[in-house]
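**Student:** Have a look at this fold, sequence not included:
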């Protein structure tokens, strides 16, 4: 039986910290990690197979448009190179194009809504929820916002 290929994607910071909490699970599969490039994430290369996207916060809208566009194209190349069966993401904006690419290529999308959100949705969650095959929330209260979500508890 063929081992599933996972592509794990998140932006840097808390989203990446949450994603790496799943290491004991994703280590059992053929996997590849995708995050934004920074001095801190460069160290990931020593421990994980990783690709980097351009870091781009939304606080500078004009620059963000160009960086986001670049990341969409690069996400396509990463997706085609690794051909994952499943995309797993904890957000944020960096992950949205990859999730939509996965649906375009009929792959599974698993999204884990941020632990920091207990009463309101993230923008990424709202964008990915309609296409997710499995949408996991870390707070029981979030099931009111995402009725089809699965409560998974905290990943910390």
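**Tutor:** In hand now; what should we look at? On a predicted model such as this, the values are computed, not experimentally measured, just so you know.
**Student:** Next, the buried residues of the helix or strand of the chain with the lowest mean pLDDT.
**Tutor:** Least confident element among the helices and strands of the chain, by mean pLDDT, DSSP states H and E: helix 39-42 (a mean of 91). The neighbour-count check on helix 39-42 (16 or more other Cβ atoms under 10 Å) flags residue 41 as buried. Every residue, glycine included, has its C-beta placed from N, CA and C.
**Student:** same check, this time on stretch 16-36
**Tutor:** Buried-residue list, stretch 16-36, by 16+ other Cβ under 10 Å: 16, 18, 19, 20, 22, 26, 31, 32, 33, 34, 35, 36.
**Student:** okay, how far is it across that stretch, tip to tip?
**Tutor:** The first residue of stretch 16-36 is 9 Å away from its last residue (Cα to Cα, to the nearest Å).
**Student:** and it, how far from the chain's centre?
**Tutor:** Here stretch 16-36 is found 10 Å from its chain centre; the criterion is Cα atoms, centre = their mean, to the nearest Å.
**Student:** Repeat that for stretch 56-68.
**Tutor:** 18 Å.
**Student:** quick revisit: ok, and what's touching the least confident helix or strand of the chain?
**Tutor:** 12, 16, 35, 50, 52 (Cβ atoms under 8 Å, 6 or more residues apart in numbering).
**Student:** No more questions from me, cheers.
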